[in-house]
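**Q** Got a predicted model here, sequence first, then my questions.
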Amino acid sequence: MKIEQIELRRIALPYVAPFETSGWRELASHALLVRVEADGVVGWGESPVGIGPWYNEETSSTAWVMAQEHLAPMLLASELNRPEDVAAVYARVRGNRMACAGFEFAVWDLFGRATGQSLRSMLGGQRERVEVGVSVGVQPDLDTLLRVVGDYVAAGYQRVKLKIKPGWDLEPTRLVRETWPDLRLQVDANSIYTLDHAAHLAKLDAYDLLLIEQPLAHDDIVDHAKLQRIVQTPICLDESIVSPDHARWALELRACGVINIKPSRVGGLHAARQIHDMAAAAGVPVWCGGMLETGIGRAANVALASLPNFTLPGDISASARYFARDIVTNPFVLNADSTLTVPDAPGSGADIDVDFLDQVTVEKVILRGRLAG
Ligand code: NPG
């Protein structure tokens, strides 16, 4: 199969509330969207890049340039026999994995729609519903935190992740644990601590957490291995695992007890599935992280999370937790058992709301095969 046309869009889609981590605030989705077309069939993908290089090195602008100057022309010049071939097309691209992932998702969607297979079945997923939780950003004060967590618990979320940072870690965690003794609870530091904080982080062991996510540097594996020997709670790596090789290194060094897999962070679903398989072989559970995706990226995450070793709830909440209106006509809704239903329609199952998408599109370009080279 040869991709004949690629449409790229940058969007600005406001979140229902600002989302604050240990190092930055997100106010809106600035995702790059990729629409691929071949033989009259269309596939969509999302690169959930942010406005600045705070989570990783990529931004909405770098992805926009990469997509037009390199990634779209490379894909247009390639013959694809299966979606896994996209990884080979981009094998010589250094970094820029989120930008690559948007194209890879779109090709998976296209192949699924062309052959009538759901993304779940193409990936080898088994579950019809996936367990999900909600990620709660840093709040202005403890009262607000309790209200926000209480609202999510009342909405049906049975697992909560708290964003932490120095000065906002032990006390919020203790308070939430005391208020909801049975809640499945975990914390995420987004790389704000150093090994000097090891004794401080070990105090989190008192709160029966599922995991402590990415406490140390975004590109570290070795210090996390040292920390895991001091802290009893499983360390979960997110930012540090950008490829199957990074996962292998982390597993060999026993740097973590859990891995957060975001397909966009590792360049796509093919690499994500390889990491899943590797972690399963090592007896390390995984869960699907989130990047505040629209309904397009969310559908890819939900399908991936149906694979067997995704045994912890994902950061894949219902669409209404992020957007007043999503850019799909079939947004995800939370089931009463804190799950989302995995679509079984062909491809990702996402139905694009083109009229609304047009309203939130900031820039759009179309590239055709003749531009390849
Ligand atoms: O529900 O999608 C979600 C958000 C989950 O906390 C979440 N994501 O560090 O994992 C993270 C964080 C994030 C959000 C990172 C936006 C980067 C951008």
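**A** Cool, got the structure.

**Q** gap between the spatially closest residue to residue 156 that is not a sequence neighbour and residue 159?
**A** Spatial nearest neighbour of residue 156, chain neighbours left out: residue 334 (5.2 Å); criterion: Cβ to Cβ, 6 or more residues apart in numbering. All C-beta spots, glycine's among them, are computed from the backbone N, C-alpha and C. To residue 159, residue 334 is 12 Å away according to Cβ to Cβ, to the nearest Å.

**Q** hmm, back to that, let me know whether my guess that the residue nearest to residue 156 is in a helix holds.
**A** No - using DSSP: H, G, I helix; E, B strand; the rest coil, the secondary structure at residue 334 is coil, not a helix.

**Q** That one contacts residue 155, doesn't it?
**A** Yes - the pair residue 334 and residue 155 qualifies as a contact (Cβ atoms under 8 Å) at a distance of 6.6 Å.

**Q** So between these two, which is more surrounded?
**A** Using other Cβ atoms under 10 Å, the more surrounded residue of residue 334 and residue 155 is residue 334, with 20 against 14.

**Q** Check the more buried one and give its pLDDT.
**A** For residue 334, the pLDDT comes out at 98.

**Q** Got the phi and psi for it?
**A** Per-residue torsions, residue 334: phi -80, psi 130 (degrees, to the nearest 10).

**Q** Now do the contacts for it.
**A** Residue 334 sits next to 132, 155, 156, 157, 317, 318, 340 when contact means Cβ atoms under 8 Å, 6 or more residues apart in numbering.

**Q** Identify the residues contacting the second one.
**A** To tie it back to what came earlier, the one meant is residue 155. By Cβ under 8 Å, 6+ apart, residue 155 lies in contact with residue 334.

**Q** Same check on the last one?
**A** With contact set as Cβ under 8 Å, 6+ apart, residue 340 has these partners: 129, 130, 132, 302, 316, 318, 332, 333, 334.

**Q** between these, which is nearest residue 242?
**A** Among those, residue 316 lies closest to residue 242 (Cβ to Cβ), at 20.0 Å.

**Q** What strand or helix carries the closest one?
**A** Residue 316 belongs to no helix or strand when assigned by DSSP states H and E.

**Q** One more: residue 43?
**A** Element membership of residue 43, judged by DSSP H and E, is strand 41-47.

**Q** name the helices or strands packed onto that strand?
**A** Judged by 3 or more Cβ pairs under 8 Å, 6 or more residues apart in numbering; DSSP states H and E, strand 41-47 is in contact with strand 32-38, helix 97-115, helix 295-304.

**Q** Nearest to the ligand, out of those?
**A** helix 295-304 (8.1 Å; Cβ to the nearest ligand atom).
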